[in-house]
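Novice: next come a sequence and a model predicted from it.
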Amino acid sequence: MKQDTIAYDSLSARPLPKWLTDQRDGLNTYQPEKFEMKEDRTLQVSLISTGVVILLTVVFLTIYFLRKNKKRN
Amino acid sequence: MKRTYLKILVIGALLSLACTTKVSEWVLLNSDSEKYLLVYFHQNELTESEIQQNKELENHFTPANLFFKTIKREDIEKPYYALYFNNQLISEYAGSAEMKNIVTSPLREKTRNELMAGKLCVMVYLKCGNNEKDAKGWSTLNQTLEASPFGKIISLVELDRNSVEESLFVSMLLNVESDLKEIQEPMLFGVFGRFRALEPLLAKGISAENINLMIDFFTADCSCLIKDQLPGQSILCKGNWDDPQPARVNAILDATPELMHR
């Protein structure tokens, strides 16, 4: 009764049962999830993080050797 | 330990079947019938004989998809029984003798036996009394089933709209949708599962295309969408639905995999 008849003017206008229209339109079957492409930023993130690591290492080593040389002098 | 393995095996097997079971088989195995309600309306306190009579009736109706209860009402002249489905009155009875056959009838018994025997469905063709219209729909139906690969596992029964013996069955079928009683056209009900009737095809709707869609509906894999919004309505019927014969649709689909729904 949940899919009960809706109002109509004549027998020819009477709607087909919902189970039938769903079957015809392929709506009774499992509808797979639609996958959408998302913007891929992994390369940018990877390049930036590599750059940051290299810069930090250079800065750290520069400071380390400068201090070491200062002590020697 | 063996029991645990067995449980895991059974659960695994059930899970693997979950999405490949066909609609007709899944509904028969898993979907309980909706209940009808039989009410005994009485004005005074129940007498011993009334209590005994109602007990006998309840025992006679078991097992059927029927609840029974008594209600005291001041505004009635005589006690009576009333049969309801989803708060809709189906019929009224003055005494218990009239009601002996409300849960069963020859055609309902036959339909139930066919469903339990593993048939895909039973197509109930409800004739309107107009010979020309009835013959046209019947011919279309027979031709379509003859051409269908599933024709042999579908039972076809004719039912006269004015049948006295099957009057309650007719009444319940016409209750599947609210306007069916006013439509004087032949109707085709697909009955499946534990005696569930789909909303019918009627008049020009009884076409080869629509009949094949009905067959497709029954032979499709049972999706969650169908399980959640199971169409149709249960018909009152006495009988146990345990241990049906294996669904015969699977043998056909195994032998001819091209018939599988894609």
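Specialist: It's in.
Novice: list phi and psi for the residue nearest to B:Ala147 when sequence neighbours are not counted.
Specialist: Nearest non-adjacent residue to B:Ala147, counting by Cβ to Cβ, 6 or more residues apart in numbering or on different chains: B:Ala208, 7.7 Å away. Bear in mind the C-beta positions are built from the backbone N, C-alpha and C, glycine included. Main-chain torsions, B:Ala208, degrees, to the nearest 10: phi -60, psi -40.
Novice: same check on B:Tyr84?
Specialist: phi -120, psi 150.
Novice: repeat that for the one 4 residues further on.
Specialist: Note on B:Gln88: backbone dihedrals following degrees, to the nearest 10 are phi -100, psi 130.
Novice: quick check: B:Leu57 touching B:Phe68?
Specialist: Yes - contact criterion Cβ atoms under 8 Å: B:Leu57 and B:Phe68 qualify, at 7.1 Å.
Novice: how about the helices in chain A?
Specialist: Listed in chain order, the helices of chain A (DSSP state H) span A:18-24, A:42-72.
Novice: so can I have JSON lines of those showing distance to chain B, mean neighbour count and mean pLDDT?
Specialist: Shown next, in JSON lines, are the helices of chain A (distance: least, Cβ to the nearest Cβ, whole Å; neighbours: other Cβ atoms under 10 Å in any protein chain shown; pLDDT from 0 to 100):
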{"stretch": "helix A:18-24", "distance to chain B": "4", "mean neighbour count": "19", "mean pLDDT": "90"}
{"stretch": "helix A:42-72", "distance to chain B": "34", "mean neighbour count": "9", "mean pLDDT": "93"}
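Novice: nearest to B:Ser96, out of the ones you listed?
Specialist: helix A:18-24 (37.4 Å; Cβ to Cβ).
Novice: helices or strands next to that closest one in the packing?
Specialist: If you count contacts as 3 or more Cβ pairs under 8 Å, 6 or more residues apart in numbering or on different chains; DSSP states H and E, helix A:18-24 packs onto helix B:208-219.
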